[in-house]
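Visitor: Just the structure for this:
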Amino acid sequence: MTSRFLLCVLFFLTTHSAPAHPVPDIPVRGTFTSGGAATISVEVDPRCFDANPTDAPSLTFATFRTLPAARQAELREQAAALAARSVEFFFEPVGRVQPEFTFEFTGAGRATLAKDDDVVVLTGSWPTTIAAGLTGWKIRAHPGPKLAVVFQNIIDNRAHPRLAVLFPGETSFTLDLTALSGQTPAAPTAGAVSATGTAGDSWSTFFTYLHQGFLHVLPLGLDHILFVLGLFLLSRRWRPLLLQVTTFTLAHSVTLALATLGWVHVPGSIVEPIIALSIAAVALENIFHPRYTPWRLLIVFVFGLVHGLGFAGALEDLGLPASSLAVGLVGFNLGVEGAQLTVIALAFFATSWLRDAERYRRFIVIPGSTLIALAGIYWAFARALG
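Guide: Residues are numbered from 1 along each chain as shown. The predicted structure follows:
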């Protein structure tokens, strides 16, 4: 009964397409300079307009150049409408305000568009002034759209070490603006975060990225979940499993760090199909080469390097400030590991009742690995074909 239920769940998972792209977030940035000048900006990925953003292709610079003016204007209108219904803006003590954004097409983080495969986003800007008497600002992710909002700030050309990733309905911390208006500082809002940053901001960023790393696997990373299950199905003995998971962890930690630092860059169009093939490879080995060998570790290490590039894509989308790079990397990586260990613990719990090795292989390993392999092959073709 339990084995049938487990396989039904696995069948349901494998017959639903795993996302080839992370769910696009909406970065909101406040840029402030001493004296009161400020710009509030919001960045919208055109994939957000699709009914299923995780499956929608990115708008590349090559495609953008072919868009007629009318289509470009339509995209600007869509971006303005999405920003208005996704984020609420507050200045203390005034309360809610409605920025008047002007949208333009840029690369992520206002990067210059140059290469054909550069991803195009819409960046809305609202220049304003921090008038005397304003004590802080914050945002709220509207509970309607199913998109996360990233709250970031830049003070005198330096990224603030604290950020917030907000899920629908959540409110950010309040950034203290009293020292930026060029006027006599008013009393800051209770609980407001200093514009200069503190040690507590690093801990806040750490836990934010810990949470994001966990969520990137559970429940959002179906492909990574199936890869970990493929490792588990080779053997339930602790030593082979521990060696595989440790090897996988070390490998993806290396490429996650290298890619986040900008030292390695591989397009997602290459990484994502290989991740899918890695799922199929470990599953097929479970069927045809069920014995644990050092060769298995080499395979896991190589595929771990590729999975790290996939994790880096998600981390890059969150816009980790350089000042919090080490903290964010450690937090995100620990979150990923926590999710992987949770997957393994759940798999142990679901199969612990079946102790007979022959029956376990017959009723769990073979059918489970077959479904995982088929899912990996299907996703590889789907992602390669765009």
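
Visitor: After the helix or strand containing Trp203, which helix or strand is next?
Guide: According to DSSP states H and E, Trp203 maps onto helix 199-217. Downstream of helix 199-217, the first helix or strand assigned by DSSP H and E is helix 222-234.

Visitor: count of neighbours near Leu261?
Guide: For Leu261, the count of nearby residues is 12 (other CB atoms under 10 Å). In short, each C-beta sits where N, CA and C put it, glycine included.

Visitor: Can you point out the buried residues in stretch 118-138?
Guide: 118-126, 128, 130, 134-138 (16 or more other CB atoms under 10 Å).

Visitor: Show me the two of these that sit farthest apart.
Guide: Asp118 and Thr135 (39.4 Å; CB to CB).

Visitor: Residue ranges in the stretch 1-150 of the chain under the pLDDT threshold?
Guide: For the stretch 1-150 of the chain, applying pLDDT under 70 flags the ranges 1-24, 145.

Visitor: Quickly find the element holding Pro240.
Guide: helix 238-260.

Visitor: elements contacting the next helix or strand after that helix?
Guide: As assigned by DSSP H and E, the chain's next helix or strand after helix 238-260 is helix 268-288. Applying 3 or more CB pairs under 8 Å, 6 or more residues apart in numbering; DSSP states H and E, we find helix 268-288 packed against helix 222-234, helix 294-317, helix 366-384.

Visitor: now Thr255: how far from Val343?
Guide: 20 Å (CB to CB, to the nearest Å).

Visitor: One more: His142?
Guide: Look at His142 and Val343: by CB to CB, they are 32 Å apart.

Visitor: Neighbour count: these two, which is higher?
Guide: More crowded of His142 and Val343, by other CB under 10 Å: Val343, with 21 against 16.

Visitor: Just confirm that one contacts Leu218, I think it does.
Guide: Yes. Val343 is in contact with Leu218 according to CB atoms under 8 Å; the separation is 6.9 Å.

Visitor: where do the contact lists of these two overlap?
Guide: Ile225 (CB atoms under 8 Å, 6 or more residues apart in numbering).

Visitor: Just confirm Gln98 contacts Ala84, I think it does.
Guide: Yes. Counting by CB under 8 Å, Ala84 is a contact partner of Gln98 at 7.5 Å.

Visitor: So which of the two has more stuff around it?
Guide: More crowded of Gln98 and Ala84, by other CB under 10 Å: Ala84, with 15 against 9.

Visitor: that's a strand at the more buried one, yeah?
Guide: No. Ala84 is assigned helix when assessed by DSSP: H, G, I helix; E, B strand; the rest coil, not a strand.

Visitor: Name all residues that make contact with it.
Guide: Gln98.

Visitor: so how far is Glu100 from it?
Guide: To Glu100, Ala84 is 11 Å away according to CB to CB.

Visitor: One more: Ser204?
Guide: Applying CB to CB, the value for Ser204 to Glu100 is 31 Å.

Visitor: Please say which of the two ends up with more neighbours.
Guide: When neighbours are counted by other CB under 10 Å, Ser204 and Glu100 differ, and Ser204 comes out ahead with 19 against 12.

Visitor: mind checking the SS state of the closest residue in space to that one that isn't next to it in sequence?
Guide: Nearest residue to Ser204 in three dimensions, chain neighbours excluded: Arg162, at 5.2 Å (CB to CB, 6 or more residues apart in numbering). Of the three states, Arg162 takes coil under three-state DSSP.

Visitor: again with Tyr360
Guide: At Tyr360 the chain is in helix, as set by three-state DSSP.

Visitor: wait, what's in contact with it?
Guide: Arg236, Thr351, Leu354.

Visitor: Any idea which of those residues the model trusts least?
Guide: Ranked by pLDDT, these bottom out at Arg236, which has 81.

Visitor: I'd like to know how far that one sits from Phe348.
Guide: Distance, Arg236 to Phe348, by CB to CB: 7 Å.

Visitor: quick one: which of those two has more around it?
Guide: Arg236 (19 against 13).

Visitor: That one against Ala350, yeah?
Guide: No. Arg236 lies out of contact with Ala350 (CB under 8 Å); the separation is 11.2 Å.

Visitor: any residues in contact with both of the two?
Guide: Counting by CB under 8 Å, 6+ apart, Arg236 and Ala350 have no shared contacts at all.

Visitor: for Thr123, which residues make a bridge with it?
Guide: Glu43, Glu104 (DSSP bridges).

Visitor: With distance to Phe227 as added columns, please give the contacts of Tyr360 in CSV.
Guide: As requested, the contacts of Tyr360 are exported to CSV (distance: CB to CB, whole Å):
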residue, distance to Phe227
Arg236, 17
Thr351, 18
Leu354, 22
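
Visitor: taking the residues you listed one by one, which sit in helices?
Guide: Secondary structure from DSSP state H places Thr351 of the contacts of Tyr360 in helices.

Visitor: What residues of stretch 224-244 count as buried?
Guide: By 16+ other CB under 10 Å, the buried positions in stretch 224-244 come out as 224-236, 240-241, 243-244.

Visitor: And for stretch 351-370?
Guide: Thr351, Leu354, Tyr360, Arg361, Phe363, Ile364, Val365, Pro367, Gly368, Ser369, Thr370.

Visitor: What residues does the last one make contact with?
Guide: Put plainly, it is Thr370. Ala283, Ile287.

Visitor: per-residue pLDDT, it?
Guide: For Thr370, the predicted pLDDT is 93.

Visitor: That one and Leu226: what is the separation?
Guide: 12 Å.

Visitor: Are there residues contacting both of the two? Which ones?
Guide: Joint contacts of Thr370 and Leu226 (CB under 8 Å, 6+ apart) are Ala283.

Visitor: could you list every residue that touches Leu229?
Guide: Leu229 sits next to Leu10, Val343, Ala347, Gly368, Ile372 when contact means CB under 8 Å, 6+ apart.

Visitor: Can you give the distance of the helix or strand harbouring Ala326 from its chain's centre?
Guide: According to DSSP H and E, Ala326 maps onto helix 325-351. A distance of 15 Å separates the centroid of the chain from that of helix 325-351, by CA atoms, centre = their mean, to the nearest Å.
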